[in-house]
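Student: Curious how this folds, go ahead:
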Amino acid sequence: MYVDQKMAQLPPDYPESLLASIQEEFQRSNKTIVVLDDDPTGTQTCSNVTVLTTWRVSLMAEELTKKPAILFILTNSRSLSESDVVKLTEEIGTNLKRAVHESGREIVVISRSDSTLRGHFPAEVDAIAETLTMKNAVTVLIPAFVEGGRITIDDIHYLIENQELIPVSESPFARDVVFGYKNANLKKWVEEKTGGRIKASEVNSISLEDIRIGGPTAVGERLKRCPEGTVCIVNAASYRDLEVVAMGLIRAEKSGRTYLYRSSATLVPIRAGMESGKPYTPQKTDAVSANGALVIVGSHVPKTTQQLNWLLENGNYQAMEVNVGEILTSVDLVAQAQTISRQTDQWLSAGMNVVIYTSRQLEVGLDSESSLAINAAVSGFLVSVVNGLIVRPKFMVAKGGITSSDLATKALSAEKALVLGAVIPGVPVWQMDAASKFPGIRYVVFPGNVGDETSLEAVCRKMEG
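Tutor: Below is the predicted model:
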C-alpha cells in the first residue's frame, strides 16, 4: 500500500504542539536522559549534545555534573556476541550507577537501537534492568524513526521505500545474518525474540487512536495500567505522535511508575522537549584544509552498495577496494594496511578525495558468532588503515554502524565528541575532541540503512561547504 493511502485512513495528528510543555516538565524534573547507544548512529536526531565512547566513572560523573539534558554513551554492542553484550552492559550499568551517585544527578535511561529491529533484544534491555535496579520497569518499545521513514501502524512496523509501506519483515534487514527475524508485527516480534518467554498476547500496545484522539492523558493512563515488568509497544507515524507519547510517559512516571525505553533515535530529543533532527549546515570555513576528504565504507546492506556505486560514478574520488576474502586468509595484514595508508596519505596530501571500501561480496560465518567475528576482523583492518595515516583529511565519512564506531574509538582515539547535528536527515556529524588523533575533525556517522541512492555523494558534496 502507498503511504499516502494508509495515512488518509488514520485519525489526524493530535492538534496541539507539546514540545514546549515537555521541555518545561523535563527541566523541572532535574534529570538527564542517558542514552546507551548500540552503535553511533543513534545521535542522528540530536545537536549540541555530548557522546562518550568510554564509560569511566570519573568521565561520566564529570559530564553528569554539567547537568546536560542528554548524554550519549556509545556501547557499540551491536558488534558483539550476546554473552559479551550482557557482560559489557553490566559493566556500563555498574559504572553508571556510581557516576549517578557521585554526580547527584537523576537519570532517565534509553536503550537506543536500530529502527529496522536489529540488535540484542531482549538480552541488552534485561541486563540494563538488572544492573540499574529496574527489574520492575515496563519496557517501552518505540522503533519509529521518522527521519528514516520507519513507522508503526496497527502494531506493524514498516519502512517507506518509494512511497510504499513495506513491512520490515519483507526487507533485507530482516534477513540479517546475526539479527534476522520473521515478524513485522511487534507483538509477535517480541514473542519471537524472547523465544516465547513473553507471549504476543501479553504485550501491551499504545495505538494511534490512543495517541491522536486520547492525547497525553489517554497514553499516560494506558502506560500506568501496564503490569510491572511487561513490554509495551508504541505505534507512531509522525513527530507529533512521539510528542504525545513523551508527555504521556512523563505523566506516568510522575505517578511513581518506572519505564525503560528501547527506542530508535527520533524519540531521544523529543523526550527532553527538543526538536528532533535539527540540521547541521556546513560552511566553507569548515573545509579550509587543502587536503582531500576521506570516506570509508564498511556497511554491506544493499542501500549502502547503491550509494557507493553512485559516489564512484558521480563523485571525484580516488578509490581503493579492500578484499574481504583476502583479509580473512592473509598472513600479513600489517603490510597490506600500511600500503593502503601510504597511498591514502599521498592522495590526501595532493588534495584528492579518497574512498576506501570493502568488497561487496558479503562474507558470512556458519553461525551468528562467527559472522560477528568476520565483521570484527574487517573493521579491525579498517582501523589499522586509519591508524597508519599521517595526513589529516579535510573531513571523514564512515559508512556503517560498526565501522563508524570502531574508527571513532580505536582509530581516532576519541573518548568524547560533540554532535553538531544532521547533515541530511538521519546522518549526524560529530566534532572530535582535542585529544583525538585528528583534534576537532568533523566526522560523519552515516548509517547503512539511511538515505537514497544519491545520499552518500550528496553528503560529501555538502561537507565541502
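Student: Quick check: closest non-adjacent residue to N316.
Tutor: With sequence-adjacent residues excluded and distances taken as CB to CB, 6 or more residues apart in numbering, N316 is closest to N353, at 6.2 Å. All C-beta spots, glycine's among them, are computed from the backbone N, C-alpha and C.
Student: Was I right to think the one you found contacts G315?
Tutor: Yes. Proximity of N353 to G315 meets the contact threshold set by CB atoms under 8 Å, at 7.2 Å.
Student: Show me where the stretch 1-150 of the chain has its strands.
Tutor: Along the stretch 1-150 of the chain, the stretches classed as strands by DSSP state E, counting those that start in this stretch are 31-37, 49-52, 70-74, 106-112, 138-142, 150-153.
Student: The stretch 151-300 of the chain: strands as residue ranges?
Tutor: 156-161, 164-167, 204-206, 231-234, 259-263, 294-297.
Student: if we compare the strands of the stretch 1-150 of the chain, which one ends up closest to I198?
Tutor: strand 138-142 (9.5 Å; CB to CB).
Student: What lies in contact with that closest one?
Tutor: 122, 125, 129, 186, 190, 204, 223, 226-234, 236, 242, 245, 249, 257-264, 267 (CB atoms under 8 Å, 6 or more residues apart in numbering).
Student: which of those residues count as buried?
Tutor: Buried subset of the contacts of strand 138-142 (neighbour count, 16 or more other CB atoms under 10 Å): 122, 125, 129, 186, 190, 204, 223, 226, 231-234, 236, 242, 245, 249, 257-264, 267.
Student: what angle separates the top strand by length along the chain from strand 70-74?
Tutor: As assigned by DSSP state E, the longest strand anywhere in the chain is strand 416-424. Between strand 416-424 and strand 70-74, the angle comes out at 100 degrees (axes from the mean of the first three to the mean of the last three CA atoms, to 10 degrees).
Student: I'd like the distance from strand 416-424 to the chain centre, please.
Tutor: Centroid separation for strand 416-424 versus its chain: 13 Å, with CA atoms, centre = their mean, to the nearest Å.
Student: List the buried residues in it.
Tutor: Judged by neighbour count using 16+ other CB under 10 Å, the buried positions of strand 416-424 are K416, A417, V419, L420, G421, A422, V423, I424.
Student: Compile those into JSON lines and extend it with columns for pLDDT.
Tutor: Shown next, in JSON lines, are the buried residues of strand 416-424 (pLDDT from 0 to 100):
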{"residue": "K416", "pLDDT": "95"}
{"residue": "A417", "pLDDT": "96"}
{"residue": "V419", "pLDDT": "95"}
{"residue": "L420", "pLDDT": "95"}
{"residue": "G421", "pLDDT": "94"}
{"residue": "A422", "pLDDT": "93"}
{"residue": "V423", "pLDDT": "95"}
{"residue": "I424", "pLDDT": "93"}
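Student: Out of those, which is nearest to V3?
Tutor: Of those, the one sitting nearest to V3 (CB to CB) turns out to be I424, at 19.7 Å.
Student: residues touching L36, list them.
Tutor: The neighbours of L36, taking CB under 8 Å, 6+ apart as the test, are I73, T75, T89, I92, V109, I110, S111, R112, I128.
Student: ok, and the closest non-adjacent residue to the third one?
Tutor: Nearest residue to T89, sequence neighbours excluded (CB to CB, 6+ apart): A127, at 3.8 Å.
Student: Flag the shaky bits of this protein, pLDDT-wise.
Tutor: Scanning the chain for pLDDT under 70 picks out the ranges 287, 363-364, 366.
Student: Where do the domain boundaries of it fall?
Tutor: 3-271, 284-463 (automatic domain parsing).
Student: For K278, which of those domains is the nearest?
Tutor: domain 3-271 (4.4 Å).
Student: okay, how far is it across the closest one, tip to tip?
Tutor: Separation of the first and last residues of domain 3-271 by CA to CA, to the nearest Å is 26 Å.
Student: next one: stretch 388-402
Tutor: 19 Å.
Student: Would you mind listing the buried residues in it?
Tutor: Quick answer for stretch 388-402 (16+ other CB under 10 Å): 388-389, 391-402.
Student: now swap in stretch 277-296 and tell me
Tutor: Buried residues in stretch 277-296, defined by neighbour count with 16+ other CB under 10 Å: G277, Y280, P282, D286, N291, G292, A293, L294, V295, I296.
Student: Can you show me the CA trace of that stretch as CSV?
Tutor: What follows is stretch 277-296, C-alpha atoms only, in CSV (Å, rounded to 0.1, in the frame of the first residue of the first chain):
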residue,chain,number,x,y,z
GLY,A,277,16.6,16.2,13.6
LYS,A,278,17.9,19.7,13.8
PRO,A,279,20.1,20.2,10.7
TYR,A,280,23.8,20.9,10.6
THR,A,281,24.8,23.2,7.6
PRO,A,282,28.5,23.0,6.8
GLN,A,283,30.2,26.3,6.0
LYS,A,284,33.0,26.9,3.5
THR,A,285,35.1,28.0,6.5
ASP,A,286,34.7,24.5,7.9
ALA,A,287,36.6,23.0,5.0
VAL,A,288,39.6,25.2,4.6
SER,A,289,42.1,22.4,4.5
ALA,A,290,43.9,21.8,1.2
ASN,A,291,43.9,18.1,1.9
GLY,A,292,41.4,15.7,0.5
ALA,A,293,38.4,14.2,2.3
LEU,A,294,38.3,10.5,3.4
VAL,A,295,35.3,8.2,3.0
ILE,A,296,35.4,4.7,4.5
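Student: now that stretch, how far from the centre of its chain.
Tutor: 21 Å.
Student: could we number from 56 for the rest of this?
Tutor: Let's use 56 as the start, then, which means that last one is stretch 332-351.
Student: element containing Q401, please.
Tutor: helix 388-404 (DSSP states H and E).
Student: again, but for S425
Tutor: Short version, using DSSP H and E: S425 is in helix 423-442.
Student: Just checking, which helix or strand succeeds that helix along the chain?
Tutor: Following helix 423-442 in sequence order, the next helix or strand is strand 451-454 (DSSP H and E).
Student: Would you mind pulling the contact partners of that following strand?
Tutor: So strand 451-454 is in contact with 348-354, 359, 362-363, 459, 462-463, 467, 493, 496-501, 503, 511, 514-515, 518, going by CB under 8 Å, 6+ apart.
Student: List the neighbouring strands of that strand plus their orientation.
Tutor: Strand 451-454 has its sheet partners listed here by DSSP bridges as strand 349-352 (parallel), strand 497-501 (parallel).
Student: Which one of these lies nearest to V89?
Tutor: Going by CB to CB, the one of the strands paired with strand 451-454 nearest V89 is strand 497-501, 19.1 Å.
Student: Which SSE is immediately downstream of the closest one?
Tutor: helix 510-518.
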